[in-house]
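> A structural model of the following input is requested.
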Amino acid sequence: MAKSFKNGVSLHRLLEASPLAALEGFLATVDKGQYAAIFSDVQWASATDAASIQAIRAQLIAIANALAADAAVPLDRHAHRILTLAEGRGVETVTRVAAKLFEQVHIDAFAAQLDDLGRSLWLYQHQSLLFDEAENLFYADHYRNFGRMYEAFELDANAKVDFVWDDAVKAALEEQIQERLELTGRCTVTHLQVDKKDAAGQEIPQHLLIVRHGGPLSSVAEYQEADGSRQERYYRPLNEATLLFSPDEGVIEVFSASPSVRQQVAGCFAETGLKLDLSGKPLTLKQYNMGRFLDSLRLTPPRVDGFDIEHVAVVEVDARPDNYKHRASLKVTADDDIEEVAESLFGKDHLFSRAACISRVVISVRYTQHGSDKTKEKGTGK
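Numbers count the residues shown, from 1 in each chain. Take a look at the predicted model:
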């Protein structure tokens, strides 16, 4: 009779797909080795051919399927974190932070992993701080243009602004954020240097700051095994905000569920870390008027002081007909004419020309800043 795996999709995928050599070390050491005994009967050394490898995977999945919730739930959470950075954009963030490995033995071990899942798993197990950095980078990119989590701010400066992290800046920033957010307890700020590469392969510095502080005192009821009584366990839940500063663009991006926290953290960073104010011009807004795209999806390059705008085009659009539960999307490249593509695919009377509502537009802009010989291309969604 066919069996169903009941203890978490992520755990099943991790056991089914990870290189066995990486899995062996992970299951033996995760959470300080508290699950090692559960998998102690697995004969890892017997995995010498495809059939024996498959047999071990089947054994692992059978063991995991019989786990109690207090072991299965945390293992599934670990697996979810690992898998997230082993797919899509997560792979890029792992590769970026792995460039910071400086001991040759670690560099060789990372390079020896067989695939993206193995590399994510190795980093999670052996370089937890670098994995945390990769995770923060991933979610910083993931939450861009999520109105409930993300906001971007421009500096009130005409020239490129550099940022230097030191103990004095750390102390001053923590003190100011604590004051601005009216925190009763301490605030900690952690700095990570997360350089990115431009189209030419040159390193461009970026600064990632993680702001952490405790929330209001809370409690959870704990069952006492000895006598069956109830006991309250008090704790302060973790509140966290992430700030990403790109000096080459003069932009501060903040990721937090609270709009007031985003504004305050960005302001504190600009004033304390850069000795500047935020620009009065918002870079992200909660609502946009999309009405003009009901008439045409074509755009004319605008004139902007200090820049040569070479090309501007709609590269993605979401349209809704009279029934707002329905939606159609079209995505093209920056060099395509999106109206010509829509007509060639769907005919002249296509939905995007007769939509009742345009709910999302992504625009690509290719430009050169005066005084620079580098052409940049940016995409932004509204």
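
> just the helices in the stretch 151-300 of the chain please.
167-180, 259-268 (DSSP state H, counting those that start in this stretch).

> now do the stretch 1-150 of the chain
9-17, 20-33, 50-65, 69-84, 89-98, 104-111, 116-126, 128-142.

> most tightly surrounded among those?
Most buried of the helices of the stretch 1-150 of the chain, by mean neighbour count (mean count of other C-beta atoms under 10 Å): helix 116-126, with a mean of 23. All C-beta spots, glycine's among them, are computed from the backbone N, C-alpha and C.

> so that one versus helix 20-33, what angle?
Helix 116-126 and helix 20-33 are oriented at 30 degrees to each other (axes from the mean of the first three to the mean of the last three C-alpha atoms, to 10 degrees).

> packing partners of helix 116-126?
Helices and strands touching helix 116-126, as assessed by 3 or more C-beta pairs under 8 Å, 6 or more residues apart in numbering; DSSP states H and E, comprise helix 9-17, helix 20-33, helix 69-84, helix 89-98, helix 104-111, helix 128-142.

> next, the angle from that helix to helix 128-142.
130 degrees.

> quick one: what helix or strand has residue 315 in it?
Here residue 315, judged by DSSP states H and E, is contained in strand 307-320.

> and that strand, C-alpha only, in PDB?
Output of strand 307-320 as PDB, limited to C-alpha atoms (Å, rounded to 0.1, in the frame of the first residue of the first chain):
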ATOM      1  CA  PHE A 307      20.800  62.300 -17.000                       C
ATOM      2  CA  ASP A 308      20.500  61.200 -20.600                       C
ATOM      3  CA  ILE A 309      17.500  58.900 -20.800                       C
ATOM      4  CA  GLU A 310      18.200  56.600 -23.700                       C
ATOM      5  CA  HIS A 311      15.200  54.200 -23.500                       C
ATOM      6  CA  VAL A 312      12.200  53.700 -21.400                       C
ATOM      7  CA  ALA A 313       9.600  51.000 -21.900                       C
ATOM      8  CA  VAL A 314       6.900  49.000 -20.200                       C
ATOM      9  CA  VAL A 315       8.200  45.400 -19.800                       C
ATOM     10  CA  GLU A 316       5.400  43.900 -17.800                       C
ATOM     11  CA  VAL A 317       1.700  44.600 -17.300                       C
ATOM     12  CA  ASP A 318      -1.200  43.100 -15.300                       C
ATOM     13  CA  ALA A 319      -4.600  43.900 -16.600                       C
ATOM     14  CA  ARG A 320      -8.100  43.100 -15.300                       C
END
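
> which residues sit against the next helix or strand after it?
Going down the chain from strand 307-320, the next helix or strand is strand 328-331, by DSSP H and E. Contacts to strand 328-331, defined as C-beta atoms under 8 Å, 6 or more residues apart in numbering, come from residues 315-321, 338, 341-342, 345, 351-352, 362.

> 6 Å - rerun?
Residues from elsewhere that reach strand 328-331, judged by C-beta atoms under 6 Å, 6 or more residues apart in numbering: 316-319, 342, 351.
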